[in-house]
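*Asks:* My questions concern the predicted model and sequence given below.
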Amino acid sequence: MADAADEKQDRRRKRGCCLGGCLLWLISLLGAALVVAVLVGRDHPGESAWRSALLIYAPQWPFAILPAVAALWALLARRGGLLIANLVVLWVALFTVADLQIPGPPPATEGRETIRVMTWNLHAYPYRLEEMCERVEEWDPDILCTQESGAGEFRKLLPDHFTRSGGDLRIFSRYKILRHQHVILEPYPPRVALMCEIETDAGPITVLTVHFPRATQKGGLPADWALLPDYVEGGLRVRETKFEGLLEWLPDDRPLIVAGDMNTPPSSKYYRMLAERMQDAFAARGSGFGHSFVWREIWPLLRIDYVWSSGGIEALNCTTGQNAPSDHRPVISDLVLPRQESATPTAN
């Protein structure tokens, strides 16, 4: 009787192991398939189809969950081959799909000036201006670019800095602003970009702050899901023309910084278009995911706010700050300026 009971228990254990092994294989294959589907969908069809665009503009870190679960399960089950396979898929999901960053080697700084640039979408909260002032003072930026900050109260953010405004944009500078210009990047909505030429201790630099719309109408996703394709396709058209206009405007012969809310993640083709011309400070010197858009002031979702540079300006480091009271986190980067022959010290 004891032998029969042991044999029955052994058969159950084998069935359980077989079922668990099949489930582990299923999770592993599903996780790998999702990662491959995302990578393929980004380019074919990419933003040319609204369904794949939804995949691109959705949070990317959840695609690492299944490979992580499968890798842990394989480790506990002592399945070496599956463990290695899932670790490879997890690495791709984290670094290629979810854009996890490890900072690269810093540029040479000897004999070069360094400035701190901060960009922050303030979400039009002038009634919480005191909190915002505290956040800004903590980081003490030399140049601050803000979006959704058209109200006059926002001038108080850095009262000792030079400042210019245009639309919902503002630029604050510790250094003298030589001139400013409103740059129209067509088409609708007719939101301007704001450009300032700033005289730093290393010479003049150009700073452009932008706020690209995510759709052709205000508000979030439509309540009627039948309107979702039009909503997504309209937003893609706006992004494409805005980025094309920005690329046409970009000068090639001067130190340049572009900062702001672009409503576009690094997985987008529009991001890659700009990355061919400029350095993304977080991609070059950031650490982690760098999510700058936060849902309900709690859950970080996407990296859509950037500090870009070109013309010899290089990122020394880049990080994100606390989002409250906005739904965006500020992006802060220390940038190393190029040596310029006509550098003249400037006093505030």
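*Replies:* Alright, I've got the coordinates.
*Asks:* ok, how many other residues are close to Ile332?
*Replies:* 23 (other C-beta atoms under 10 Å). Yep, even glycine has a C-beta here, placed from its N, CA and C like the rest.
*Asks:* Next up, the contacts around it.
*Replies:* Ile332 is in contact with Arg116, Val117, Met118, Trp139, Pro141, Val307, Cys318, Thr319, Thr320, Gly321, counting by C-beta atoms under 8 Å, 6 or more residues apart in numbering.
*Asks:* taking those one by one, which sit in helices?
*Replies:* Using DSSP state H, Trp139 are the members of those that sit in helices.
*Asks:* Mind putting the contacts of Ile332 into CSV with neighbour count and distance to Tyr270?
*Replies:* Shown next, in CSV, are the contacts of Ile332 (neighbours: other C-beta atoms under 10 Å; distance: C-beta to C-beta, whole Å):
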residue, neighbour count, distance to Tyr270
Arg116, 17, 27
Val117, 26, 22
Met118, 22, 23
Trp139, 14, 28
Pro141, 24, 26
Val307, 27, 17
Cys318, 24, 20
Thr319, 19, 24
Thr320, 22, 21
Gly321, 16, 25
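*Asks:* show me the contacts for the nearest residue to Tyr271 once chain neighbours are set aside.
*Replies:* Spatial nearest neighbour of Tyr271, chain neighbours left out: Thr264 (5.4 Å); criterion: C-beta to C-beta, 6 or more residues apart in numbering. Taking C-beta under 8 Å, 6+ apart, we find Thr264 in contact with Phe212, Arg239, Phe243, Tyr270, Tyr271, Ile304.
*Asks:* And those residues, which is closest to Tyr175?
*Replies:* Nearest to Tyr175 among the contacts of Thr264, counting by C-beta to C-beta, is Phe212 at 26.4 Å.
*Asks:* I'd assumed Val238 was in contact with that closest one.
*Replies:* Yes: contact status for Phe212 versus Val238: in contact at 7.4 Å, counting by C-beta atoms under 8 Å.
*Asks:* Is Leu208 in contact with Arg254, as I believe?
*Replies:* No: the criterion here is C-beta under 8 Å, and Leu208 misses it with Arg254 at 11.3 Å.
*Asks:* Tell me which of those two has more neighbours.
*Replies:* Taking neighbours as other C-beta under 10 Å, Leu208 and Arg254 compare with Leu208 leading, 24 against 16.
*Asks:* Tell me the first helix or strand C-terminal of the helix or strand where that one lies.
*Replies:* Leu208 belongs to strand 203-211 when assigned by DSSP states H and E. Remark: after strand 203-211, the chain's next helix or strand is helix 228-249, criterion DSSP H and E.
*Asks:* just to revisit the earlier point, give me the sheet partners of the strand holding Leu208 and which way each runs.
*Replies:* The pairing partners recorded for strand 203-211 under DSSP bridges are strand 192-200 (antiparallel), strand 256-261 (parallel).
*Asks:* neighbours around His328, how many?
*Replies:* His328 has 21 nearby residues by other C-beta under 10 Å.
*Asks:* now it: how far from Leu122?
*Replies:* 8 Å (C-beta to C-beta, to the nearest Å).
*Asks:* which residues are in contact with stretch 120-139?
*Replies:* By C-beta under 8 Å, 6+ apart, stretch 120-139 touches 116, 118, 144-151, 153-154, 156-158, 168, 211, 260-261, 305, 321-322, 324-332.
*Asks:* how long is that stretch from one end to the other?
*Replies:* With C-alpha to C-alpha, to the nearest Å as the measure, stretch 120-139 spans 12 Å from end to end.
*Asks:* now do stretch 266-285
*Replies:* Using C-alpha to C-alpha, first and last residues of stretch 266-285 are 15 Å apart.
*Asks:* ok, back up a step: adding mean pLDDT and mean neighbour count, write the strands paired with strand 203-211 out as a markdown table.
*Replies:* Compiled in a markdown table, these are given as follows (pLDDT from 0 to 100; neighbours: other C-beta atoms under 10 Å):
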| stretch | mean pLDDT | mean neighbour count |
| --- | --- | --- |
| strand 192-200 | 95 | 21 |
| strand 256-261 | 98 | 26 |
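*Asks:* Make CSV from these and add distance to Leu66 to it.
*Replies:* Formatted as CSV, these follow (distance: least, C-beta to C-beta, whole Å):
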stretch, distance to Leu66
strand 192-200, 40
strand 256-261, 31
